[in-house]
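Visitor: I'd like to go over a predicted model; first the sequence, then the structure.
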Amino acid sequence: MATLEEAKARLAAASQRFHDTEIKWQPSLWDSSDFGLQPQGNDLFGNIFSNIFGTRPLSPPAPRIFSQRDAPRALRACFDVLYALGSRSTDANETLAYAAAMDAVSTELDFIAERRLLSRTKEYAPFTAAFKSAAKTLKEAKAKADELAQNLGLAADVLTAFSKIIAVV
Amino acid sequence: MKYFGLVICLACLAGCAGLPEAEKASQLGDAITATGKLVRDSIASNRTNAIRNGEEVQASNLLRSKEIRPSPSEVAMASRANVQQVAGSPEAIGDARAAFEKAKAQQLAAKQAGLAFTLADAPTSQINGLQNSAQMQAAKALEGYGDALKKAIDEGTIEKLEQASVKLGDAASNVVTAASPLSAPIAGPALKVGSRIAGFLMGNAYANEIQAIIVARNNDVVAVVKLLKEDMALVADSVKRQADFFEIQRKANLQLIGQDPNVTRLQLYNEYYTARKEAGTMRATAVAAAKYAEVLDALVEAHAAVAAADPNSELFLKRFVVLADDLAALIKAAKKEA
């Protein structure tokens, strides 16, 4: 297993590649200074990432450690670690820092999910149209059957009236 | 014997098509309703949870502003240092000055950062743009289809057609009876049988039309469920993360409240109890959203059961009995005439 320093170095490089090559959709949310998480003797993010590397190994070292498929998994693992740390924290400021980091990671994950979900319009379109068309056909068939039954009833009423006239005549 | 063949033919005719059983139709209706509700509710939860989480973050900002204000002892020391009325050692004056500077810095920080809270909506992370997304449109179209299907499958339509046809046959029979009393014994039952067969044919045509639509859409249901399963997994995960975030953020706020020496144990206990309930409510939305696979699988199963064209056996028996009665009357009349 990699040492903590090696793990942190790998993560920094991978994270850089992740932002440089894979997701250029918005400014990075990984800047710890945004969340009041600057290292102050206790390297919070270092610990978090070492937890990820220690317990949840990512893809083997390769030029593209974070692919778009792996990125959400890595972020999700990071979120889980932050949640676990937040659950155990006994200090308000530390808990707040974990919560802020959780929201940051969640924002990244939601953004990736959003891109994926909103790009599926073409895939859904034929089914949406088919169900709308089927609903229309069903409504028309039902209306036609109701109308036919109503017309038959009217015809029967006419014939009944006619038979009464014949009987009298 | 010659009538026996006719009976068999008509029985086959009567049973050759039918709408699905009421129970299966009802299950399909429930499954489609549950699917639409799941998609709508999960997307709505994602939005409302983000707003609720934002409220906790804003509350946290407010609580922190109180936390970083100088303590009463610091204010007293700073005040003494400021008016230069401290009678004591130079170290004591130095401490007082340091406390004063600290208090000033803290007050500035409180103004600049801690008090920057808002009472307006400030949602935290969520998946944006889903209200009018393709997923939502598909779920709505599916619901519309299910609604139309439920109404079309209703046995009342076929019964109405058959009854109207029989009523017409009866009316025609009355006309014949009135016009030609001699032919009435045979013509009456014959017209009745004819009108009932006509009613069955119309009912069968209607059932066939509905069944054809259901069968044609079955593969679409399977495909759209596959897409929704993949997509709802992302939405459900987002809702779960929101519940996790709420738990931690609410806990942090409780810790901040707990730091205030003026807060009693009872107040803290009540705050904990409220927070616990709120976390439970938020968690319930995540649990509901996580049922997506179960609900979507039920939809595929229910639609496939209806598309399997398993006709309603009860309806078939009912049809057979009334047709057999009418034929028996016709045969009896024919024998009498013979």
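Guide: Done, it's in.

Visitor: how much space between the nearest residue to B:Leu234 once chain neighbours are set aside and B:Gln135?
Guide: Take B:Leu234 and drop its neighbours on the chain: the residue closest to it by CB to CB, 6 or more residues apart in numbering or on different chains is A:Ala113, 4.1 Å away. Where you see a C-beta, it was placed from the backbone N, CA and C, and this is true even at glycine. Distance, A:Ala113 to B:Gln135, by CB to CB, to the nearest Å: 11 Å.

Visitor: now do B:Lys151
Guide: 25 Å.

Visitor: same question, A:Thr90
Guide: Relative to B:Gln135, and taking CB to CB, A:Thr90 is found at 41 Å.

Visitor: and the two? Which one has more around it.
Guide: Legend: neighbour count by other CB atoms under 10 Å in any protein chain shown for A:Thr90 and B:Gln135, higher for B:Gln135 (25 against 7).

Visitor: so for the more buried one, what's the pLDDT?
Guide: With respect to pLDDT, B:Gln135 has a value of 93.

Visitor: what residues are up against it?
Guide: A:Leu117, A:Arg120, A:Tyr124, B:Val39, B:Ile43, B:Leu227, B:Leu228, B:Asp231, B:Met232 (CB atoms under 8 Å, 6 or more residues apart in numbering or on different chains).

Visitor: the third one falls within a strand, correct?
Guide: Yep, that's A:Tyr124 we're talking about. No: counting by DSSP: H, G, I helix; E, B strand; the rest coil, A:Tyr124 is not found in a strand; it is helix.

Visitor: helices - which of the contacts of B:Gln135 land there?
Guide: Applying DSSP state H to these, the entries found in helices are A:Leu117, A:Tyr124, B:Val39, B:Ile43, B:Leu227, B:Leu228, B:Asp231, B:Met232.

Visitor: give the burial count for the fourth one, as a bare number.
Guide: So that's B:Ile43. Neighbours around B:Ile43, by other CB under 10 Å: 23.

Visitor: now it: how far from B:Val57?
Guide: Taken as CB to CB, the span from B:Ile43 to B:Val57 is 22 Å.

Visitor: what's the answer for the second one, then?
Guide: According to CB to CB, A:Tyr124 and B:Val57 sit 34 Å apart.

Visitor: where in chain A is pLDDT low?
Guide: A:1-70, A:167-169 (pLDDT under 70).

Visitor: pretty sure B:Thr177 contacts A:Thr160?
Guide: No: the pair B:Thr177 / A:Thr160 is not scored as a contact, 11.7 Å apart, by CB atoms under 8 Å.

Visitor: higher neighbour count, those two?
Guide: Set B:Thr177 next to A:Thr160 and count neighbours by other CB under 10 Å: B:Thr177 wins out with 19 against 16.

Visitor: name the element the more buried one belongs to?
Guide: Using DSSP states H and E, the secondary-structure element containing B:Thr177 is helix B:155-179.

Visitor: count of neighbours near B:Lys192?
Guide: Residues near B:Lys192, counting by other CB under 10 Å, number 21.

Visitor: doesn't B:Asp121 lie inside a strand?
Guide: No: if the criterion is three-state DSSP, then B:Asp121 is coil and not within a strand.

Visitor: now the closest residue to it other than its chain neighbours: phi and psi?
Guide: Nearest-residue entry for B:Asp121: B:Ile51, 5.3 Å, with adjacent residues in sequence omitted and distances by CB to CB, 6+ apart. The phi/psi pair for B:Ile51 (degrees, to the nearest 10) reads phi -70, psi -40.
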